[in-house]
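A.B. asks: Fold the following, please.
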Amino acid sequence: MNAPEPDLKFAENVSEDLFLGDALVVRQPRAGYRAGTDAVLLAAVLAPEFVGGQTVLDVGSGVGVVGLCVAARCPSSRVVLVEREPKLAELARENIDRNGLAMRVSVVETDIARATGALETAAIASETFDFVLANPPYHDEGRGTAAGDRLRAASHQMPQDALGTWARFMNRMAAPGGLAAIIHKAEALPRILSAFDGRFGGMNVLPIHPRAGEPAIRVVVTGIKGSRAPVSILPGLVLHGPDHAFLPEIEAVFRHGAALPIKIGG
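C.D. replies: Numbers count the residues shown, from 1 in each chain. Predicted coordinates:
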């Protein structure tokens, strides 16, 4: 069987971007969803001393920024990326190789709603990951104008009830006592708590504010599989100072791979 012809138009519309200072070089599409601050913030939930040599799953990984940031920051960790879109999965594989992480990071190309066969082929068992992270599409399908092509639309939108599917898969893959973490729009918090309820306990909610005194624009929610502890609302994380520059502790996250200055899991 002949190998498929490369999509030259797609290749021309891919940029190379730096993350964690210049520790990671990531290829990603120029148009549509582009991984940025949210992916780095989610990865920074995991401090290197907390992770050690444990296993991390990046659900709906796209080109792999969350998982790659974890792997770069936590040099003993082992990371699996799960992505359903073939073009994004291929870029994720390129990014793994480009950053010299092939010994510790791999890709499973599958839809999380129908993942059993692909997981079995990759010899990946359920309930085996110490940490399960997710940065899902933020926009509800059918609201607003759909993106111009299918890949772009899939990266931006998902059905309103799909958070339940993501939470079920995260619960399926997390080991007993494992940590799940998700980043999303602040307005999605009730749906996240509902999706996590009965699957993860001891939930911590971290509001993320652009500047002091402004409403939160994002939330990071973590939970522990099997825990029955109550929900906690943590002090908000403020990103920018009055001069609109990142605060020093946030700059350390983005430039130097520091963990979040507020501990929210473990």
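A.B. asks: CA only for contacts and neighbour counts going forward, please
C.D. replies: Noted.
A.B. asks: Verify the contact between I183 and A134 for me.
C.D. replies: Yes: counting by CA atoms under 8 Å, I183 touches A134, with 6.8 Å between them.
A.B. asks: Neighbour count for those two, which is higher?
C.D. replies: Higher neighbour count among I183 and A134: I183, with 28 against 24, using other CA atoms under 10 Å.
A.B. asks: now the chain, which segments are flagged as low pLDDT?
C.D. replies: Within the chain, the segments meeting pLDDT under 70 span 1-11, 139-160, 265-266.
A.B. asks: mind listing the strands for it?
C.D. replies: With DSSP state E, the ranges of strands along the chain come out as 14-19, 24-29, 55-59, 78-83, 105-109, 129-134, 139-140, 157-158, 174-185, 200-211, 218-225, 232-233, 237-240.
A.B. asks: Ok, which of those comes nearest N95?
C.D. replies: Between N95 and those, the shortest gap by CA to CA is with strand 24-29, which sits at 5.6 Å.
A.B. asks: and that closest one, which residues are buried?
C.D. replies: L24, V25, V26, R27, Q28, P29 (16 or more other CA atoms under 10 Å).
A.B. asks: of all these, which comes closest to E83?
C.D. replies: Q28 (13.7 Å).
A.B. asks: contacting residues for the closest one?
C.D. replies: By CA atoms under 8 Å, 6 or more residues apart in numbering, the residues touching Q28 are V14, S15, E16, D17, R34, A35, V63, L88, L91.
A.B. asks: cool, and V82?
C.D. replies: Applying CA under 8 Å, 6+ apart, the residues contacting V82 are L57, D58, V59, G60, S61, V107, V108, E109, T110, I112.
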